[in-house]
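**Student:** Using only what follows, build the 3D model:
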Amino acid sequence: MRGHHLRPRIVASTVIAVVVAVCPGGSARAGGDAARGKAVFVRQCALCHTADRDGGNRFGPALFGIVGRKAGSAPGFAYSAAFRTRVDWDWSEEAIGGFVTSPSTMVPGTAMGVFQGVAARDRDDLVAYLLTLR
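**Tutor:** Predicted structure coming up:
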């Protein structure tokens, strides 16, 4: 079968648009409350991710400085095959908001697919907190 080895590339803006359309509440904005976002991070993210400048990777990549970073580029982290082959965007507020709301919708087969996602009511707060990690 000719061409069976070719995989379609997912365009980041299309994926983000689909996630925003599928996930209630629209796209994430920095208008959230960073203090509440830190509490969301501790409750839902800190088991697998660090947020400190020198925190290092855990089950998931370190998130310090994530905003503006190319997805899949945290030094020393072994990303899943699904993540390595499907992502081609930088982590913007919208991309982070979409991913944390529904990781397996945005990157089918991602190892983070075991995480059910952050509730829409917490999303903007979490993104606001991640924006402070610079």
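
**Student:** Just the mean pLDDT for the helix or strand hosting Ala95, thanks.
**Tutor:** If you go by DSSP states H and E, Ala95 is part of helix 93-101. What helix 93-101 shows for mean pLDDT is 94.

**Student:** do the same with stretch 114-129
**Tutor:** Rounded mean pLDDT across stretch 114-129 is 93.

**Student:** just to revisit the earlier point, elements contacting the helix holding Ala95?
**Tutor:** Contact here means 3 or more Cβ pairs under 8 Å, 6 or more residues apart in numbering; DSSP states H and E; on that basis helix 93-101 packs against helix 12-22, helix 103-106, helix 120-131. The way it works is simple: take the backbone N, C-alpha and C, and place the C-beta from them, glycine included.

**Student:** Could you point out the helix or strand that follows the first one?
**Tutor:** Put plainly, it is helix 12-22. Next in sequence after helix 12-22, counting helices and strands by DSSP H and E, comes helix 34-44.

**Student:** Report the angle between that following helix and helix 120-131.
**Tutor:** Counting by axes from the mean of the first three to the mean of the last three Cα atoms, to 10 degrees, helix 34-44 points 100 degrees away from the direction of helix 120-131.

**Student:** pull the CA atoms of the helix or strand just after helix 34-44 into CSV?
**Tutor:** Where DSSP H and E defines the elements, the next helix or strand beyond helix 34-44 is helix 81-86. Provided in CSV are the C-alpha atoms of helix 81-86 (Å, rounded to 0.1, in the frame of the first residue of the first chain):
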residue,chain,number,x,y,z
ALA,A,81,5.6,9.3,20.7
ALA,A,82,2.2,10.8,20.2
PHE,A,83,3.3,14.2,21.6
ARG,A,84,6.6,14.2,19.6
THR,A,85,4.8,13.5,16.3
ARG,A,86,1.8,15.7,16.7
